[in-house]
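Asker: Structure, please.
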Amino acid sequence: MPTKPKVEEVTPEGAKGETPLTDLLRKVLLATLGAAVIAQEEIEALINKLVERGEIAEKDGKKLMHEMMDKRKSKTQEVEEEFNKNLKDVLERMNIPTKSDIDSLSQKIAGLSKKIDDLKKPS
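Answerer: Presented below is the predicted three-dimensional model:
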């Protein structure tokens with residue numbers, strides 16, 4: 001019988017073992033996503049009101065909605081890229097190793113461990 005994978009519980013304060021920096025970043029990202037969803041809903045509601053009033057044609061309303069969504073997506077990408085760049089800069093200034101740094105060190109340690117084991121074997 002297969003066992004269920006262990007799932008870590010998320011507490012209201014954040015995920016287990018989360019540092020204050022990652023907790024803050026998580027909260028900022030969640031707030032940003034919430035704001036984006038609210039903005040999209042407001043835009044849709046505004047365009048629907050304009051169409052209902054006859055101020056713009058339904059076809060124009062759909063076109064406007066698509067244009068707004070495209071702008072939002074491109075702006076979101078720009079913000080995400082800028083955020084990632086800034087986060088990378090902060091991590092570098094704090095001298096925190098990256099995943100690739102840790103992977104590289106792990107490979108070196110594994111190689112050295114193998115060499116030590118080979119030297120310990122009787123000839």
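
Asker: burial measure for residue 47, as a count.
Answerer: Using other CB atoms under 10 Å, the number of residues around residue 47 comes to 19. (C-beta placed from N, C-alpha, C; glycine too.)

Asker: Report pLDDT for the closest residue to it other than its chain neighbours.
Answerer: Counting by CB to CB, 6 or more residues apart in numbering, residue 47 lies nearest to residue 61, which is 4.8 Å off, once chain neighbours are set aside. Predicted confidence (pLDDT) for residue 61: 83.

Asker: So for the helix or strand harbouring residue 61, what gets flagged as buried?
Answerer: Element membership of residue 61, judged by DSSP states H and E, is helix 58-93. Counting neighbours by 16 or more other CB atoms under 10 Å, one finds that the buried residues in helix 58-93 are 61, 64, 65, 68.

Asker: where does this structure have low pLDDT?
Answerer: Residues of the chain meeting the criterion pLDDT under 70: 1-18, 123.

Asker: Shouldn't residue 97 be within a helix?
Answerer: No. Secondary structure of residue 97 (DSSP: H, G, I helix; E, B strand; the rest coil): coil, not part of a helix.

Asker: sorry, back to before: my read: the residue nearest to residue 47 touches residue 48, true?
Answerer: Yes. Counting by CB atoms under 8 Å, residue 61 touches residue 48, with 7.3 Å between them.

Asker: tell me the SS of the residue most central in space within the chain?
Answerer: Central residue of the chain (CA atoms, centre = their mean): residue 29, 7.6 Å from the mean position. For residue 29, the secondary-structure state derived from three-state DSSP is helix.

Asker: roughly how far apart are it and residue 72?
Answerer: Going from residue 29 to residue 72 by CB to CB, to the nearest Å gives 16 Å.
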